[in-house]
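Visitor: Predicted model, plus sequence, below.
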Amino acid sequence: MPKTVVFTDPSGDGPPIELEQFVVPKDLPDDAHRVGKIPEPDPHYVDLGMLYRFAAMEDVRNRFPEGYQPLHLAVRGHMGTGKDHDIEQFAAMLRLPYYRVPLTGEVRDVTLIGSTLLHGDGKGGTESRWEDGEITRALRGPALVNLSELNAAGAETLFALHGLLDRYAALDLPTGETVRLRDDVRLFGTMNPTDLRDYAGTQTLNKAFADRWVIWEKAFPVVDQIHAMIERRYPSMSQPFSEAISRLAAEVNASFTAPDVATRVESPMSLRTVLDRVPTGLRVYADSEDPLRRAWEEFVLPQIDAFDRDHYETVWSAVVRKGPKGPAFR
Amino acid sequence: MQEKQWRSFEIAGGANVDGDAVDGEIMLLHMAKLPRRRPRRSLQRCETINFVRAHSTLHEILSPEERAIEYVVARYQRVAPAVTRVARSLAGDDELQVRLGSTASARTREIVLDPGIFQAAYARRAPVTPSEVALASALHEVVHLVSTHLEEARPLPPSWFPKRETPLPEEPVDLLTALTEAGGDAAVSMFFALEDGRQELTGMAAYPGARSVLTDMYQSSIRSAMEAAKPLGQLAISGFALVGEHVERDVLEKAAKPKVAVALADATPFFEAVKEAENAWEVGTLALQVLEIAKLHGLASESPANESAAQKKLREELDGQAIEEGVDRVRLISPIVQNLDGYERTRQLEQRAGADGEQGPSDVADDAATDQLLRVSQAPTVFLPTGQGGRLMVSGFPQRFRQFGPAGRETLLEAASAWGVAQRHVSGELFPLFAANQRRGLRSGYDAGDISPHAPLFLGAGLYQRMYERRALRTRRSYAVSLLIDGSASMLQPRPLTSTGGRTAPWGLAAATLGAWTLARLCDELQIDFEVALFNRSFSARSDDSEWSFSRRKSGATGGLRRSQGQAADRLTNTINHYLVKPFNARWRTSEDLLAGLFYAASHPTRAAAEARKAPHDSPPVGMFEKAANVDEFNLSYAAQRLSRLGATVRVLVVLADGMTRGSLNSLARSVEAVEHTGTTVLGIGIGDDTVQVAYGRHQIVERPDTLATAMVDGVRTALRRSLALSGLDEWWTRAGTREQMSAWKEKPGA
């Protein structure tokens, strides 16, 4: 009897979704490697609804197979919104080996699919051997493949994946082999929005390629969500500090997402800043008169562009001005 | 007084918080039942309020100049994007525009802030920084403009008129009319005091940092305000401060007169109720109740028997005045919640502002005064070696002067011929030498730009992104010349055409422009970077100004600023201006007409003025040349900075003026010296004025138009030749030329 995992809707609207976890077959030649690729659930992870949406999609696939074609999910959002973390945690919950394939402008189809390489035969000569690329290797067993930064790769590179992503659901290798999309493989992707923001190397997604994905937007978390994340991760952080950090992040990110270029900042306050950098700063400057201010000065402001500094400082003055009295951690 | 000790308070004909009549019965406010929605953190913070603060204050930190309105506006400009974004959040409107204007107002999708309010905030002796004040005062204004909606009409609440025997009219009226009817000016003033505090508490709840700035400013004023206020004013101050959660009650009680302290204890539950009020009508009810308490404690005047209507009005006015004066000493004044007049004036302005979306062309609320204020605040500040600093209005020269271009070219040729200034190719001998000295200074590795000569190699190596190159140096030229011309009206005055007197003509600016023209051609042929700038002191013209728009802006700004800024208006309108006629980065070909047009206006000022009168909408702003003393040193320092930033090795700055600087000769001399120290050669030419002898190391005084143009051209040519000699190109003609040309130029020892 396979084990199951239950996904609950954080908004409380939808019913819980129970899904069976995957099992890596023992007869696979790389089963040990794959088992090692199954991520551990992050005890500090807070689902803001994305995991539940993934689960709902998976549930449809399981419960209504009639006429169903595998759909592939891409999450689009600004830096530091936790897109890859969501996908990794979904793999952890489903016990699927997780393969994160970063796509860049330099990635070529041979990197993803594979190529024939020359090897020494030990007798002074060489022989050619096929070597799987990153995606092909992942497709040979149960896997959740996360093609991160989908819109950074060149269109000509992504054309090689069209067959895998559409109804054909397979990769034809130059060796003549056809690698089919297994039932226990899930394809995900992430990307930053393509606008005037400084996401160097990104480009508008080729329409034909985009049509092969279900694209969901991931927004920045709001104050309460950030607060919940901080509390989960740092239960000992005193409330005035967690509240102030949450408000700062929400306000800065509201400025980042402002549609008017005259009133927005070009650098958001990412979850990495909120959950990693600032709390570390609070500990580093625990003995200072205003630990939050010092953490802000040393762990936040250096991250941003010089022309955003006034805006960041204005948000600081409006939301905090003087940090809470320490200690930051109980 | 503790809540549990709260005694019943008997009011003949009182009303509860809902405005329902509780005629003749004991009115109790059950404090325990009142919901508490907000933590009272600010109260905890100011538990130990200390009236005598050891902190620095803005008055001590900032010099009087830095507290001037243009500096205040400049500081606001730094926080303006964030203020607009936050204002949009507060108003729930993503398209809300926050502008500056001479009078605060709010209408659909637009809030106008009066920068005078920011300036007033600087007068507080509070432990706050200038940027905090800019932020808090702007947000404070936004909150009030967004939150104040008193138009809702209701029938007069019967509970507000307990003694009235005749039936109340059923016709709905707005809140302020109802309050005036029920309690006169005193009721309206008390309402505004409490409503002001309530709006700040609720509107700025999401921005506790900004609210804490207000708290610091208010706390710094409360002691003196309580000392100066009348008893009723003290109660109103206490209400405002308690509703806004700026000060603890015991602090207020200590500062208040004994009978006010007793009344304060009784009024506190009402103040607490104001915090929870859902709308302004509820606040109105509570304001009337607080006034009743004031009367019972003898703080407000009671209505005597047989009081006439006029007496009643006067009495209520005095009470209202006491309240308003008291609270105004503490709060940041926002006209819309200051008093009835302020509210009505603000609303009238909104209606007068016209239809939605009808906005001015600038970032300000379409008024010339604020537009000018904003321009001054955004102007760069130039610092002199003496430590003095001042703002310089830098802009492009009005483009409409191009209209005079064709006529100007003809006049130029005539003048060149008459004054013997050669307009031929002057650079034949020098051209190869200068061309050889140009620097390439290209660097590869850009997304776009010139194709690198090494592109095939880069492509072969797969380095696609390096096939382009871009100039890494700011200029690829080794030489740069900047020409700075005095553009005051005195340069347009007729002066003798010969050194012995006789016939006069307005040749000052004309000869200078001819010299600039000749010099520009020389530099263009030699591929030397050059610029021509004009400086004067008057109302600053815009590059798109016509005579009509210039004069209209000038009169509008002068009148508006006189009204709002008083004596400072002269400083704000009579500015030091620096016009770029031909900037370094512009092609000479595109600037020729502009310079020719300027020449025409300079050589025929009367004709140009007549043409401007005929078609003021189309003609250039010939009225921009005013007779006012220049401040040469600021212009010189600024031009030198710009020249220096260009990165050329040999830099020549020619300054041409016809009179004494309005600054000091010492400042000018030290500025020239400082510029010379940076390696820039400064040449000063005085038209009939010997000031240059004192201020400039290298100078020449000219008395005739022909000598002026020649002096400019030869001075620069000599400086360039000398630079060639210094760089090792010591040819016979260079030495000969230097000896010959420098004979007219005087140099101080060591220059």
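Guide: Okay, I see it.
Visitor: Was I right to think B:Asp632 contacts B:Leu668?
Guide: Yes - using Cβ atoms under 8 Å, B:Asp632 is in contact with B:Leu668, at 5.5 Å. Heads up, the C-betas are built off the backbone N, CA and C, glycines and all.
Visitor: Overlap of the contact sets of the two?
Guide: Counting by Cβ atoms under 8 Å, 6 or more residues apart in numbering or on different chains, the common neighbours of B:Asp632 and B:Leu668 are B:661, B:695.
Visitor: any idea how far B:Ile293 is from the residue of the stretch 101-250 of chain A found nearest chain B?
Guide: Across the stretch 101-250 of chain A, the shortest distance to chain B (Cβ to the nearest Cβ) belongs to A:Arg247, at 7.6 Å. According to Cβ to Cβ, to the nearest Å, A:Arg247 and B:Ile293 sit 38 Å apart.
Visitor: now do A:Leu248
Guide: Applying Cβ to Cβ to A:Leu248 and B:Ile293 gives a distance of 42 Å.
Visitor: The two: which has the busier surroundings?
Guide: Between A:Leu248 and B:Ile293, counting by other Cβ atoms under 10 Å in any protein chain shown, A:Leu248 is the more crowded of the two (26 against 22).
Visitor: residue contacts, the more buried one?
Guide: Residues in contact with A:Leu248 (Cβ under 8 Å, 6+ apart) are A:269, A:296, A:315-316, A:319-320.
Visitor: quick one: the residue of the stretch 101-250 of chain A closest to chain B from B:Ser189, how far?
Guide: According to Cβ to Cβ, A:Arg247 and B:Ser189 sit 35 Å apart.
Visitor: Name the residue in the two with the higher neighbour count.
Guide: Set A:Arg247 next to B:Ser189 and count neighbours by other Cβ under 10 Å: B:Ser189 wins out with 31 against 21.
Visitor: before we move on, which element is the more buried one in?
Guide: When elements are assigned from DSSP states H and E, B:Ser189 belongs to helix B:175-203.
Visitor: now swap in A:Ile135 and tell me
Guide: Using DSSP H and E, A:Ile135 falls in helix A:134-139.
Visitor: Remind me what that helix packs against, helices and strands.
Guide: Under the contact definition 3 or more Cβ pairs under 8 Å, 6 or more residues apart in numbering or on different chains; DSSP states H and E, helix A:134-139 sits against strand A:98-102, helix A:109-113, strand A:143-148, strand A:170-172.
Visitor: what are the ranges of the strands in chain A?
Guide: A:4-7, A:17-20, A:73-77, A:98-102, A:114-120, A:126-132, A:143-148, A:170-172, A:178-180, A:185-191, A:214-218 (DSSP state E).
Visitor: Which strands or helices does the second one pack on?
Guide: Contact analysis of strand A:17-20 by 3+ Cβ pairs under 8 Å, 6+ apart lists strand A:4-7, helix A:50-63 as its packing neighbours.
Visitor: Could you list the buried residues of it?
Guide: Within strand A:17-20, the residues that count as buried by 16 or more other Cβ atoms under 10 Å in any protein chain shown are A:17, A:19.
Visitor: Sheet-wise, list the partners of it with their directions.
Guide: Strands adjacent to strand A:17-20 in the sheet, as given by DSSP bridges, are strand A:4-7 (antiparallel).
Visitor: Return the helix or strand in chain B with minimum mean pLDDT.
Guide: Scoring the helices and strands of chain B by mean pLDDT, DSSP states H and E places strand B:26-27 at the bottom, with a mean of 32.
Visitor: How far off centre is stretch B:280-299?
Guide: For stretch B:280-299, the separation from the chain centroid amounts to 42 Å (computed by Cα atoms, centre = their mean, to the nearest Å).
Visitor: got the CA coordinates for that stretch in PDB?
Guide: What follows is stretch B:280-299, C-alpha atoms only, in PDB (Å, rounded to 0.1, in the frame of the first residue of the first chain):
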ATOM      1  CA  ALA B 280     -17.000  62.000  11.400                       C
ATOM      2  CA  TRP B 281     -20.600  62.400  12.600                       C
ATOM      3  CA  GLU B 282     -19.700  60.300  15.700                       C
ATOM      4  CA  VAL B 283     -16.700  62.500  16.300                       C
ATOM      5  CA  GLY B 284     -19.100  65.500  16.000                       C
ATOM      6  CA  THR B 285     -21.300  64.100  18.800                       C
ATOM      7  CA  LEU B 286     -18.300  63.400  21.000                       C
ATOM      8  CA  ALA B 287     -16.900  66.900  20.400                       C
ATOM      9  CA  LEU B 288     -20.200  68.400  21.600                       C
ATOM     10  CA  GLN B 289     -20.000  66.200  24.700                       C
ATOM     11  CA  VAL B 290     -16.500  67.300  25.400                       C
ATOM     12  CA  LEU B 291     -17.600  70.900  25.100                       C
ATOM     13  CA  GLU B 292     -20.400  70.200  27.700                       C
ATOM     14  CA  ILE B 293     -17.700  68.900  30.000                       C
ATOM     15  CA  ALA B 294     -15.700  72.000  29.500                       C
ATOM     16  CA  LYS B 295     -18.700  74.200  30.300                       C
ATOM     17  CA  LEU B 296     -19.400  72.200  33.500                       C
ATOM     18  CA  HIS B 297     -15.800  72.700  34.600                       C
ATOM     19  CA  GLY B 298     -15.900  76.400  33.700                       C
ATOM     20  CA  LEU B 299     -13.400  76.100  30.900                       C
END
